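J.: Structure, please.
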Amino acid sequence: MCSPSASLALWAGSWLAGVGSPDDVIDALSEWAPMHLVGAGDAEAATTYGLRFPGYAEGIAGALAAVRTAANAGPSPAAGEERIRLVLPAAGAVAELPARTEFSRAAIGAEQAVMIGTPGSSGIGVVPVVEGPDVLRWTVYSIDVPAHAHRDRGLGEAEYEMREAVRGAADALARMQSLPTRTLEADPRTRIAELIADAARHRYPPEMSERAFRVLESADRVAAVLTVAAGSAPSEAPTAAAAAAREELVRPLWAAVRTARTIAVATSIGASMQSAR
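T.: Alright, predicted model coming up:
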C-alpha cells in the first residue's frame, strides 16, 4: 500500500459497499500509526461533521463518520463516477483538485488525499500528515467535489505501463549510479527490498481483483527503485543541465506510478460499489 490515503479510500470503499466493516478500516489505518488525530480544516466541516476546529481529537472514528455522511449525501453519482476518489497530486499534476482551496494546498503539500462525495456536489477532502513516528493527523475539509476527469486508460493498460516502468526505473537507477555518488547507508538492492516489504505489510480488501493487486504491487516496486535512485544522486552539486536531465528521466516514471495507483484504486472501489447496487 502506497499511502494512508490509499488505505482509507480502498477500505472505506469496501465498508460503504457493505463488504467490510468500520473495524476493517480502523485496523488498516492502524498499520500506519498507533495514534490518529482528527480535526476539521474549516468551520463548515466542523459544523457539518461534528469535528473539532481548531484543534484535533484523538481517534479515527470522527473521520469515518464524516466519510459515511459525505458519501451518503447528495444525488447518486452518474455512471462511471464514484463517491470516493484517491488523489496523488504533484507539481504540474493537480487537475483533479478543486482550484484555489485550502484542501488543495494541503493535498499538494502531503502529495496525497481522498475526496468523498458525489462529483459536482458538496463533499469532503481528507488529508493525512505524519506527526512524528507514531502519530498520523487527519484534516477534513469541506469542498465542492470536482467532476471526474475522463480516464482514457484502464486497468489492463496500467498493468502494461507498470511492466514498462519497472524496466525504466531500473535503467534510471543504473544511470544515476554511474555518476559520482554519495556513500549510501545500504546496498541499493537491500534498500529497495526493504521499501517493497514495508509497502507489502499493509493489507488490501479481500475482494480486490488480482489484476488491481498486481498493478499496485508493480507501482510499489517502481516507487522503491526511484526512491533509492534519488538517494544515489551525485555527491557534488549537479549542473543545471544535469539536474534537468535527471528530472526528465524520472518524472514520467513517477507520473506512471501515480496514474497506475489511482486507476487501480478507482477500479477496485468501483467494483465494490457496483456489487452493492
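J.: the strands in the protein, which residues?
T.: 35-40, 57-58, 84-87, 113-116, 122-130, 135-144 (DSSP state E).
J.: What strands line up against the first one, and which way round?
T.: What that stands for is strand 35-40. strand 57-58 (antiparallel), strand 135-144 (parallel) (DSSP bridges).
J.: Apart from its chain neighbours, what residue comes closest to Leu249?
T.: Distances taken as C-beta to C-beta, 6 or more residues apart in numbering place Ala172 nearest to Leu249, at 5.2 Å, with adjacent residues excluded. Bear in mind the C-beta positions are built from the backbone N, C-alpha and C, glycine included.
J.: Could you report the separation of that neighbour from Gly41?
T.: 36 Å (C-beta to C-beta, to the nearest Å).
J.: and what of Arg251?
T.: On the measure of C-beta to C-beta, Arg251 and Gly41 end up 30 Å apart.
J.: Those two: who's more crowded?
T.: Gly41 (24 against 14; other C-beta atoms under 10 Å).
J.: The more buried one: what's its closest spatial neighbour, skipping adjacent residues?
T.: Nearest residue to Gly41, sequence neighbours excluded (C-beta to C-beta, 6+ apart): Tyr141, at 4.0 Å.
J.: Tell me which residues touch that neighbour, please.
T.: Tyr141 makes contacts with 40-42, 45, 101-103, 106, 124-127, as judged by C-beta atoms under 8 Å, 6 or more residues apart in numbering.
J.: cutoff 10 Å now
T.: For Tyr141, the contact set (C-beta atoms under 10 Å, 6 or more residues apart in numbering) comprises 40-42, 44-45, 98, 101-107, 113, 115, 123-127.
J.: Same question for Ser272.
T.: Applying C-beta under 10 Å, 6+ apart, we find Ser272 in contact with 10, 12-20, 82, 84, 205, 207-208.
J.: Mind doing that once more with 8 Å?
T.: So Ser272 contacts 13-14, 17, 19, 205, 207 (C-beta under 8 Å, 6+ apart).
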